[in-house]
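[1] here's a sequence, model it:
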Amino acid sequence: MARWREPGPGRIGMHAKIYRPARNAMQSGKANTREWILEYDTVGSRATDPLMGWTSSNDTRSQLRLKFDTREEAIAFAQREGIEFTVREPREPKRIIKSYAENFASNRRRPWTH
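    Residues are numbered from 1 along each chain as shown. Just a heads-up that it's a prediction; the model follows:
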């Protein structure tokens, strides 16, 4: 779902994405997945430092990540500031509920091995 608004003075070309971050794949917890984030898209090109290999950019907005409690708060902020934005809806994971005993069931499709 995308909503657009005319940029205000001094905000020409500002575009942002509003999303809720996904759960960390390496852990089972849901930390840092309840808040919504407004993050600006990179406008300028990036340059690589020849000595250290670090990447830099002249666009300082690409370093900003604004956090909001709800999706509506993030949208209201973007509209109030005249920022073009795109909202990415989160995908809810499918839950497969099964018990530990099913690992040793006699009617398994594949035999259980070590």
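
[2] what's the first helix or strand after the least confident helix or strand in the chain by mean pLDDT?
    When each helix and strand of the chain is scored by mean pLDDT, DSSP states H and E, strand 2-3 comes last, with a mean of 50. Remark: after strand 2-3, the chain's next helix or strand is strand 15-19, criterion DSSP states H and E.

[3] what are the buried residues along that next one?
    15-16, 18-19 (16 or more other C-beta atoms under 10 Å). (Glycine included, C-beta is placed from N, CA and C.)

[4] also stretch 61-69?
    Buried, per 16+ other C-beta under 10 Å, within stretch 61-69: 61, 68.

[5] ok now stretch 68-87, how far from the chain's centre?
    Between the centre of stretch 68-87 and the centre of its chain there are 14 Å (C-alpha atoms, centre = their mean, to the nearest Å).

[6] quick one: contacts for the residue positioned nearest the centre of the chain?
    Per C-alpha atoms, centre = their mean, the C-alpha nearest to the average position across the chain is that of residue 21, at 3.9 Å. Contacts here follow C-beta atoms under 8 Å, 6 or more residues apart in numbering; on that basis residue 21 touches 32-33, 37.

[7] tell me the one of the residues you listed nearest residue 43?
    residue 37 (18.3 Å; C-beta to C-beta).

[8] state the number of residues packed around that closest one.
    Look at residue 37: counted by other C-beta atoms under 10 Å, it has 17 neighbours.

[9] go on, the one 3 residues further on?
    Taking other C-beta under 10 Å as the criterion, the count of residues near residue 40 is 19.

[10] so it bridges to which residues?
    With DSSP bridges applied, residue 40 shows beta-bridge pairing to residue 16.

[11] show the contacting residues for it.
    For residue 40, the contact set (C-beta under 8 Å, 6+ apart) comprises 14-16, 59, 61-62, 64.

[12] I'd like the residues you listed as TSV, with pLDDT appended.
    Output for the contacts of residue 40, formatted as TSV (pLDDT from 0 to 100):
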residue	pLDDT
14	79
15	90
16	94
59	79
61	82
62	80
64	88
